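Participant: whatever this is, show me its structure:
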Amino acid sequence: MTEKNTSQTWAIVLFSIGVFMAALDNGIISAALTTINSSFEVNANWGAWGITLYTLGLAISVPIVGKLSDRYGRKRLFIVEIAIFGIGSLLVALSPNFTFYLIARFIQALGGGGIFIIGSSHILSTLPVEKQGKALGMLGGMNGIAAVLGPNLGSVLLDLTGSWHFLFLINIPIAIALVILGFLKLEETKDAAVGKLDLLGITLLSLSILGIMYGLTNIEGVNFFTSLLELEVYGYILAGIVLLLLLLFHESRLEKRGGDPILPFRLLSESSYLLTLLIGMFSGALLAGMIFIPAFSEQVLGIAQENAGYWMTPLALAAGLGAAMGGMLVDKKGPIVAVFLSGIISAIGFLLFPTWIEAKWHFIIASSVAGFGMGIILGAPLNILATEKLNTDKGTALATLSLSRQIGMTIAPTIYAGFITRGFTEMPTIFQNDFPRILQENIQEANLSEAGLQEFQNLSQQVLKNGEIISQETMSPLLDQIQDPTLLQTLLKSINQVTTIAAQDGYGGLFYSAVVIAALIIISTLILSPVRKRSLQR
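Facilitator: Just a heads-up that it's a prediction; the model follows:
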């Protein structure tokens, strides 16, 4: 193996570990949120800021780090990012109070945000075209697997250690090793710098992203359209859009004067690049659907929370396999084919959830299909599409793509959660319509004793009117009075079945929405294909 090949191998390995570590941290905290909130004595609403600030930090840092890595060197910025992430992790673990903890989480996000972008742009700048897909697929696979495994790994570490601090301390030795090996093994790559660093552009971009993303995080899933009229939603989004327009005006003027804008205006004037950003946003929205699959397994299939992680393993492995296959598809058939197939397979996978799943083995197949489809689009295809005509600013192009995906991942969960909540708000109606039938069927199967049957008759006289149950609230107080254990078990089973119906309705809306988003990816790809051909011919 030549020295150059050895250097490229080390680069892919180090970037993959860095990407896995950073992506893992965003999910791993969800397993410990309740414990962290209790340790700082804050409620769930305040505790959610630990995730919100991390998301905002990622959104702000990604485009800036992408540009800085192009300008000052990807090796240098990778080492800086890893060091900041490690320091942020240490500060989070040692946080003496909640305010300090939030600041530390933001610092941690500033370090973790650009690792995937730096790794991707390094690969695109150093590897031959025919090998880029596989390498980018590996990075995407690490990203996808970490996102899925994060919450479950967090639960395991929390059970083993009994302390949430270890979820962040575990990053320290990994970060130290990456910094040392980065110094020793990575080769430096960067673009030629033109003029001064665009500090005004950085400021406008940061404030614009902060406003838009903060406004989006305030949208309520249940009252989606109503919440858009709230000042804390439209006010911040509108302010962010105004700042974005000012940024574009500034960047256009700076580019015409031969400067080095933080967001090159020529990128946004390319139709093929704008369509790629749109597909990136859809892919982020689709990826957000994966977040709710563990809850689906618990609330619909009855899988215990402590075992949910094991049932998510096929999805994680399928996502990693999909990312690898996506990379190979790009190398052999091109990025358009890969994105198109990703949309089709993802649509099939998500459609299986509301239309087919009745058993746990169904769940394994459906989640694996959805994970495989999502994995294809995670790494190589969109990154190749975003940078294939560029000799410079590859990090900037990838960072903007990542930001568009982050916007999709921010908007979609509020919509998905709205469907789930609306499903459970229909519980009284579902309970009234379906509980009597379900209870009668279960009673017939339960083989109750004469005493149990008599107790059921007495219960029916108290609760039933004309064959219809009054409400779940009427039923619940009577459960404590049940003497026959078989009857009590039958009643609880019937109530759980009604709850499952409500959950299925809510999650059905979620998964059908994901199918629509996958269809939008397919349609957008069909539009992009001829636009891209014309762009490449120019």
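
Participant: biggest helix in the protein by residues?
Facilitator: If you go by DSSP state H, the chain has its longest helix at helix 485-537.

Participant: so which elements touch that helix?
Facilitator: helix 271-289, helix 293-299, helix 335-355, helix 394-425, helix 427-446, helix 450-463, helix 472-479 (3 or more C-beta pairs under 8 Å, 6 or more residues apart in numbering; DSSP states H and E). Just so you know, the C-beta spots here come from the backbone N, C-alpha and C atoms, and that holds for glycine as well.

Participant: tell me which of the ones you listed sits nearest to Gly379.
Facilitator: helix 335-355 (9.6 Å; C-beta to C-beta).

Participant: ok, back up a step: Val92: which of the helices and strands packed on helix 485-537 is closest?
Facilitator: helix 394-425 (20.7 Å).

Participant: pLDDT weak spots in the stretch 351-500 of the chain?
Facilitator: Within the stretch 351-500 of the chain, the segments meeting pLDDT under 70 span 427-428, 430, 459-481.

Participant: need the nearest residue in space to the spatially most central residue of the chain, chain neighbours excluded.
Facilitator: Geometric centre of the chain, nearest residue: Ala288, 4.3 Å, by C-alpha atoms, centre = their mean. In space, and not counting its chain neighbours, Ala288 is closest to Ala412: 3.9 Å by C-beta to C-beta, 6 or more residues apart in numbering.

Participant: quick one on the thing from earlier: distance from the chain centre to the longest helix of the chain, please.
Facilitator: 15 Å (C-alpha atoms, centre = their mean, to the nearest Å).

Participant: what's the angle from that helix to helix 271-289?
Facilitator: Taking axes from the mean of the first three to the mean of the last three C-alpha atoms, to 10 degrees, one finds helix 485-537 and helix 271-289 inclined to each other by 170 degrees.

Participant: report the angle between helix 485-537 and helix 335-355.
Facilitator: Going by the same axes, to 10 degrees, helix 485-537 makes 160 degrees with helix 335-355.

Participant: what angle sits between helix 485-537 and helix 427-446?
Facilitator: 130 degrees.

Participant: what angle do helix 485-537 and helix 394-425 make?
Facilitator: Using the same axes, to 10 degrees, helix 485-537 lies at 150 degrees relative to helix 394-425.

Participant: tell me, how many residues neighbour Leu341?
Facilitator: 22 (other C-beta atoms under 10 Å).

Participant: how close does it sit to Ala518?
Facilitator: Distance from Leu341 to Ala518, counting by C-beta to C-beta, to the nearest Å: 11 Å.

Participant: pull up the overlap in contacts between the two.
Facilitator: Gly373 (C-beta atoms under 8 Å, 6 or more residues apart in numbering).

Participant: and for Gly114, nearest residue in space, chain neighbours not counted?
Facilitator: Nearest to Gly114 is Val65, by C-beta to C-beta, 6+ apart, at 2.8 Å.

Participant: over to Lys493?
Facilitator: Per C-beta to C-beta, 6+ apart, closest to Lys493 is Asn442, 5.8 Å.

Participant: CA atoms only for stretch 178-196, dumped as CSV, please.
Facilitator: Provided in CSV are the C-alpha atoms of stretch 178-196 (Å, rounded to 0.1, in the frame of the first residue of the first chain):
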residue,chain,number,x,y,z
LEU,A,178,-8.6,11.7,17.4
VAL,A,179,-6.7,14.9,18.0
ILE,A,180,-3.4,13.1,18.3
LEU,A,181,-3.9,10.8,15.3
GLY,A,182,-5.3,13.7,13.3
PHE,A,183,-2.0,15.6,13.8
LEU,A,184,0.0,12.5,12.9
LYS,A,185,-2.0,10.9,10.1
LEU,A,186,-4.1,13.4,8.2
GLU,A,187,-2.8,15.4,5.2
GLU,A,188,-3.8,19.0,4.9
THR,A,189,-6.2,20.1,2.1
LYS,A,190,-7.7,23.6,1.5
ASP,A,191,-8.7,26.0,-1.2
ALA,A,192,-6.8,29.1,-2.1
ALA,A,193,-8.0,32.0,0.1
VAL,A,194,-9.2,35.2,-1.7
GLY,A,195,-9.3,38.4,0.3
LYS,A,196,-10.3,38.8,4.0
